[in-house]
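**Q** Below are the sequence and a predicted model; questions follow.
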Amino acid sequence: MNEVKGLYKVRDISLADEGKKRIAWAESRMPVLMALKEKYSASKPFKGYKIAGCLHVTKETAVLVKTFAACGAQVSWSGCNPLSTQDSVAAALASEDISIFAWHGMSVKEFYWAIDETIKMKPNLTLDDGADLIFTLHKKYPELAESTIIGGTEETTTGVHRLRAMADDGALKYPVIAVNDAETKWDFDNVYGTGQSTLDGILRATSVLLAGKNIVVAGFGHCGKGVAMRAKGLGANVIVTEVKPTAALKATLEGFRVMTMDEAAKVGDIFVTATGVKDIVVDRHFEKLKDGAIVCNTGHYDCELNLDHLKNITKKVQEIRPNNEEYLLKDGRRIYVLAQGRLVNLAAAEGHPSEVMDMSFANQFMSQLKLAELYRKGKKLDNKVHDIPAEQDQEIARVKLKTMGIKIDKLTPEQVKYQTDYSSGT
Ligand code: ADE
């Protein structure tokens, strides 16, 4: 086997001790994943498997990576966003013989270089957040995608959408499990995780008062809903923009004002894009923004705010504090762009709290395990995007509740019978 343990490129290896403390903090709040580590570290079900991952290098991700390694996998990792790597965490992983190629502030060229480095180990399994690793494999290393890789997992909504499109076109060369679509992922990580971490990022970058501000949330999917709920809780007047009628209706009935971005642009104090679609705030909106407006994005890619359009009407850009750039416009207005339009929750803060990543990453672990175990039995899923089984969701929720000391009721056999009894009515 092609041993690749220990290769790395990180910002500063001397940060390893700080990173280890952060990882230990996350471990103490990720009991579901830690229980899986305990359960499988003796039998080492990943022995002989090589996992390449492309997912934000955070303290929570480090807990996942270390769990795979403890369960026998060889792991090689890169970040899935140039601004989301926590350098101390990357250093800690490197110091523990994990191959890792990630540092905060890498260029786009370096980002793809890092993915190439992880592929050099010739992985059998891939783990993505945003599908950049899978796309790179399909474009540049089709023979690996076709013959060496037995399957992959995808963490995020945007990635799952694109992979489903690839599968529909018959272009997907190996099966992918949609971790994002697990209930114990999207209904917690996307909603409560994004809600809290996005506001955390905005506050770290600006330290403004949110109460009384008009906060415009573009997109009322799970992530947008989380941001809107938490902003409301802090006293903001939340405005939602949407393209989907049912989502717009839900936002209205939640008590949020719904309007077009053209209208919202005139009144918003803070704008947060959470759509997964490009060009949400473009030139005609920037023309209308109030002096002092703050704009940021919490969607996976940095295409939701069209910063080229903003630059066209800008005289001068200066960083006024970390992750906060002032665009002085030719007409004298000032617009503040957070985290260069990249994921504000990961670039300006630390991403979602460990407690929700616990469930997301337990899903990642179990999905990778399923791919490995199927292969061991000589089986393979179709080259499609696959859902997580409902039992996995319930099992993860059950363990999570147990670690929180919460007990729930159980249906009696009579109640179970009643549920499926179609012979009796009123
Ligand atoms: N995505 C959002 N928050 C995250 C975190 N804390 N770690 C890894 N990926 C994330």
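**A** Received the coordinates, thanks.

**Q** Quick check: Lys370 touching Val179?
**A** No: using Cβ atoms under 8 Å, Lys370 makes no contact with Val179, being 11.1 Å away. For every residue, glycine as well, the C-beta is placed using N, CA and C.

**Q** For the protein, what lies in contact range of the ligand?
**A** 55-56, 58, 60-61, 193, 197, 346, 351-352, 357 (Cβ under 6 Å from any ligand atom).

**Q** Tell me the one of those residues nearest Ile294?
**A** Nearest to Ile294 out of the residues of the chain next to the ligand is Ser197 (Cβ to Cβ; 16.7 Å).

**Q** On the three-state scheme, whichever residue of the stretch 301-426 of the chain sits closest to the ligand is what?
**A** Nearest residue of the stretch 301-426 of the chain to the ligand: Gly351, at 2.8 Å (Cβ to the nearest ligand atom). Put simply, Gly351 is coil when judged by DSSP: H, G, I helix; E, B strand; the rest coil.

**Q** isn't it right up against Asn345?
**A** Yes: judged on Cβ under 8 Å, Gly351 makes contact with Asn345 at a distance of 5.9 Å.

**Q** When the two are compared, which one has more neighbours?
**A** For the pair Gly351 and Asn345, the greater number of neighbours falls to Asn345 (31 against 26), based on other Cβ atoms under 10 Å.

**Q** Wasn't that one part of a helix?
**A** Yes: judged by three-state DSSP, Asn345 forms part of a helix.

**Q** burial count for the closest residue to Tyr112 other than its chain neighbours?
**A** Leaving out its chain neighbours, the residue that sits closest to Tyr112 by Cβ to Cβ, 6 or more residues apart in numbering is Thr136, at 6.9 Å. Thr136 has 20 neighbours, counted by other Cβ under 10 Å.

**Q** separation between Thr136 and the ligand?
**A** 19 Å (Cβ to the nearest ligand atom, to the nearest Å).

**Q** Helix or strand: which one has Gly170?
**A** Counting by DSSP states H and E, no helix or strand carries Gly170.

**Q** any residues in contact with both of Gly351 and Asn345?
**A** Ser197 (Cβ atoms under 8 Å, 6 or more residues apart in numbering).

**Q** Need phi/psi at Asn312.
**A** The phi/psi pair for Asn312 (degrees, to the nearest 10) reads phi -60, psi -30.

**Q** Tell me how many other residues crowd it.
**A** The number of residues near Asn312, taken as other Cβ under 10 Å, comes to 12.

**Q** go on, Glu110?
**A** For Glu110, the neighbour count with other Cβ under 10 Å is 15.

**Q** Please report how far the residue nearest to it when sequence neighbours are not counted lies from Val89.
**A** Leaving aside its chain neighbours, Glu110 sits nearest to Pro82 (7.5 Å; criterion: Cβ to Cβ, 6+ apart). Taking Cβ to Cβ, to the nearest Å as the measure, Pro82 and Val89 are separated by 16 Å.

**Q** okay, these two: which has more neighbours?
**A** It is Val89, of Pro82 and Val89, that has more neighbours when counted by other Cβ under 10 Å, with 30 against 21.

**Q** Just the element for the more buried one, please.
**A** For Val89, the host element (DSSP H and E) is helix 87-95.

**Q** same question, Glu373
**A** Per DSSP H and E: helix 354-376 holds Glu373.

**Q** Can you give the strand pairings for the next helix or strand after that helix, parallel or anti for each?
**A** Per DSSP H and E, the first helix or strand lying C-terminal to helix 354-376 is strand 385-386. With DSSP bridges as the test, strand 385-386 is paired with strand 176-178 (parallel).

**Q** sorry, back to before: higher neighbour count, Lys370 and Val179?
**A** The neighbour count for Lys370 versus Val179, taken as other Cβ under 10 Å, is higher for Val179 (30 against 18).

**Q** Would you mind measuring from the closest residue in space to Asn324 that isn't next to it in sequence to the ligand?
**A** Nearest non-adjacent residue to Asn324, counting by Cβ to Cβ, 6+ apart: Ala205, 4.6 Å away. Going from Ala205 to the ligand by Cβ to the nearest ligand atom gives 16 Å.

**Q** Test my guess that Glu373 contacts Phe46.
**A** No: Glu373 is not in contact with Phe46 according to Cβ under 8 Å; the separation is 10.0 Å.

**Q** what's the residue lying closest to Leu374 once chain neighbours are set aside in contact with, if anything?
**A** Closest residue in space to Leu374, ignoring its immediate chain neighbours: Lys380 at 6.2 Å, by Cβ to Cβ, 6+ apart. Counting by Cβ under 8 Å, 6+ apart, Lys380 makes contact with 150-151, 175, 374.

**Q** Now the phi/psi pair for Lys380, please.
**A** The phi and psi values for Lys380, taken as degrees, to the nearest 10, are phi -150, psi 140.

**Q** all strands of the stretch 201-350 of the chain, in order?
**A** Along the stretch 201-350 of the chain, the segments classed as strands by DSSP state E, counting those that start in this stretch run 214-218, 237-241, 257-258, 270-273, 294-297, 314-321, 324-329, 334-338.

**Q** what lines up beside the last one in the sheet?
**A** Looking at strand 334-338 with DSSP bridges, its paired strands and their directions are strand 294-297 (parallel), strand 324-329 (antiparallel).

**Q** For Ile100, which of those strands is the nearest?
**A** strand 294-297 (25.9 Å).

**Q** As PDB, could you dump the C-alpha coordinates of that closest one?
**A** Presented in PDB, the C-alpha positions along strand 294-297 are these (Å, rounded to 0.1, in the frame of the first residue of the first chain):
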ATOM      1  CA  ILE A 294     -23.100  45.700   5.700                       C
ATOM      2  CA  VAL A 295     -23.200  42.800   3.200                       C
ATOM      3  CA  CYS A 296     -22.100  39.200   3.800                       C
ATOM      4  CA  ASN A 297     -22.700  35.700   2.500                       C
END
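
**Q** next one: that strand to chain centre, how far?
**A** Relative to its parent chain, strand 294-297 has a centroid offset of 18 Å by Cα atoms, centre = their mean, to the nearest Å.

**Q** farthest pair in the residues of the chain next to the ligand?
**A** Greatest spacing in the residues of the chain next to the ligand, by Cβ to Cβ: Leu55 and Ser197 (15.1 Å).

**Q** which helices and strands does the helix or strand following the helix holding Val89 pack with?
**A** Helices and strands here follow DSSP H and E; after helix 87-95, the next one along the chain is strand 99-101. Counting contacts by 3 or more Cβ pairs under 8 Å, 6 or more residues apart in numbering; DSSP states H and E, strand 99-101 packs against strand 8-9, strand 74-78, helix 87-95, helix 108-119.
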